[in-house]
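J.: Need coordinates for the below:
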Amino acid sequence: MWRFFDSLRGQLVLLIIAALAAAQAVSLWLFVDERGLAVRAALGFEAAGRAANVARLIEEAPATLEPAILRAANSPLVRFDLSDTPTVDHDSHADSGAIEARVRGLLGAKDNREIRVEVHEVDHGILPMPHMAPEMAEMHLAMMRGDLSAIEMQLSIALTGGQWLNVGTRFERPPLQWPWASFLSFGLTAAIILVAACWFLLTRLTGPLLRVSRAADSLGRGENVRPLPLIGPAEVRDLTRTFNRMQARLTRFLADRTRLLAALGHDLRSPLTALRVRSEMVDERETRDSLITSIEEMQEMVDSTLSFARGITSSEDYETVEMGAFLGQLRADMLNGFSLKEGETIHLRLRSQSVRRALRNLIDNAERYGGMVDVSYGREDDHAIIRVADNGPGIPDGELEQVFEPYFRLEKSRSRETGGTGLGLSIARTIVRAHGGDIGLTNRAEGGLVATVTLPLGPEPLKQERTTT
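T.: Here you go, the predicted model:
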């Protein structure tokens with residue numbers, strides 16, 4: 001699960017869901033707030049309308065009917081009262097103009113009587129209006145979920161007889177409600193966007209990116225990768241096109257260098273052969289032997305140089321091998337053999353002949369200087385590790401990296417029997433690095449040298465390869 005959200009696809013999906021959730025929450029909050037404002041405005045206008053009608057009715061009816069009119073007009077939420085003084089002892093608030101305009105409009109456009117309105121918020125935790133019946137108050141508390149927050153309005157209207165009609169009412173804010181329909185709507189919206197649109201678009205984005213990543217890893221290991229198809233968004237197509245151009249340039253560069261070295265080796269063989277023939281005609285034996293030895297050394301250096309170049313640009317195909325069986329076959333093919341310590345089962349893709357050559361160079365080098373050779377293998381993180389250990393004198397610490405340079409030899413006699421040409425370790429490291437790995441040398445505390453070969457296990461191949469042992 002965590003690996004999914006660590007990927008580009010997972011993070012985009014998470015971002016989309018988070019954005020949808022935030023938008024839905026804001027939408028619901030705005031809806032609830034607008035709903036509350038609409039309810040309060042409707043109740044305020046309704047109370048103002050009733051107050052205007054009651055004021056007009058009192059003025060037109062006989063005085064004996066005033067108590068009956070007030071009783072008929074009262075309700076649990078709106079109370080009417082006649083008094084010689086107004087309950088609102090100041091002018092109307094600026095934000096109460098709509099209520100006053102509503103009352104004047106119902107009383108008549110030319111009516112200029114004094115109308116006072118006071119609107120104020122009531123703190124949380126208030127009780128229901130005191131004139132409510134007990135059962136109504138209990139129902140009201142249950143309906144409001146115990147959280148009463150209200151706006152209270154006091155309205156005083158001057159009557160023609162000198163009295164004041166005082167009106168008191170309260171508008172409770174409706175509680176915050178999250179209807180299940182909103183959650184269902186959110187779920188359906190998210191599913192439709194993710195499945196019908198986003199998942200398709202993300203697949204078009206991440207699929208080509210993953211293909212480019214795997215192709216780049218394969219190219220780094222020296223595999224022959226076909227040009228990738230130009231699919232996906234424009235930016236991904238540009239990236240794929242750039243990768244294809246880079247791959248073509250690298251392949252052409254390596255091919256040109258190999259052809260150059262091959263031509264150089266071919267051109268050098270002819271004069272070396274002529275020199276060898278002419279050296280045989282030298283009468284003085286010591287001079288003749290010296291010339292032949294130098295010519296043979298030059299010939300071997302030319303052959304080794306070409307081998308070094310072939311190690312960089314091998315045309316061998318990759319195949320999947322099991323490490324234990326691969327090393328076991330190598331031990332059987334070598335004349336002197338070596339001690340092999342069995343490890344866990346590891347499968348990896350490589351150019352088997354090239355890697356055999358690299359390991360053979362390491363093992364031959366260990367046998368030449370250290371006698372008995374011990375080989376072991378295992379897995380460390382996402383790499384396969386092969387260790388070649390010997391009991392020889394080791395290498396000075398300052399020369400552990402220098403020995404990988406072409407033509408560098410610890411043995412200074414220039415004898416091919418004791419020192420070789422100085423290309424064995426260079427060829428081995430070149431082959432391993434072409435696979436995306438590396439070779440390192442360390443001296444053992446108990447004496448001898450350990451060559452550690454690291455080869456990446458790598459991602460799944462772009463096309464399935466057969467498994468060989």
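J.: these two touch, right, residue 99 and residue 118?
T.: No. Here residue 99 lies out of contact with residue 118, judged by Cβ atoms under 8 Å, at a distance of 9.8 Å. For every residue, glycine as well, the C-beta is placed using N, CA and C.
J.: so where do the strands sit in this structure?
T.: Remark: strands assigned in the chain by DSSP state E are 78-83, 115-122, 150-158, 164-172, 319-322, 339-341, 347-350, 373-380, 383-390, 438-443, 449-456, 467-468.
J.: out of those strands, nearest to residue 270?
T.: Smallest distance to residue 270 across those (Cβ to Cβ): 35.4 Å, for strand 438-443.
J.: what packs against the closest one?
T.: Judged by 3 or more Cβ pairs under 8 Å, 6 or more residues apart in numbering; DSSP states H and E, strand 438-443 is in contact with helix 424-434, strand 449-456.
J.: how is this protein carved up into domains?
T.: The chain breaks down into these domains under automatic domain parsing: 2-172, 186-313, 314-468.
J.: and residue 50, what does it touch?
T.: Counting by Cβ atoms under 8 Å, 6 or more residues apart in numbering, residue 50 makes contact with 73, 78, 167.
J.: Mean neighbour count, the helices and strands packed on strand 438-443: which tops it?
T.: Of the helices and strands packed on strand 438-443, the one with the most neighbours on average (mean count of other Cβ atoms under 10 Å) is helix 424-434, at a mean of 23.
J.: what packs against it?
T.: helix 285-312, helix 352-370, strand 438-443, strand 449-456.
J.: what bridges to the closest residue to residue 444 other than its chain neighbours?
T.: Leaving aside its chain neighbours, residue 444 sits nearest to residue 450 (5.7 Å; criterion: Cβ to Cβ, 6 or more residues apart in numbering). Assessed by DSSP bridges, residue 450 has beta-bridge partners residue 389, residue 442.
J.: Might you report the residue contacts of residue 450?
T.: 387-389, 441-444.
J.: Put the buried members of those into a PyMOL selection.
T.: This is the PyMOL syntax for the buried subset of the contacts of residue 450, where burial follows 16 or more other Cβ atoms under 10 Å:
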select buried, resi 388+389+441
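J.: now the contacts of residue 450 in CSV, with pLDDT and distance to residue 296?
T.: Formatted as CSV, the contacts of residue 450 follow (pLDDT from 0 to 100; distance: Cβ to Cβ, whole Å):
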residue, pLDDT, distance to residue 296
387, 94, 35
388, 94, 29
389, 93, 33
441, 93, 29
442, 93, 35
443, 92, 34
444, 88, 36
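J.: count of residues packed around residue 457?
T.: Residue 457 is flanked by 14 other residues according to other Cβ atoms under 10 Å.
J.: Could you list the low-pLDDT ranges of the stretch 1-150 of the chain?
T.: Applying pLDDT under 70 to the stretch 1-150 of the chain picks out residues 1-11, 24, 27-43, 90-96, 109, 122-150.
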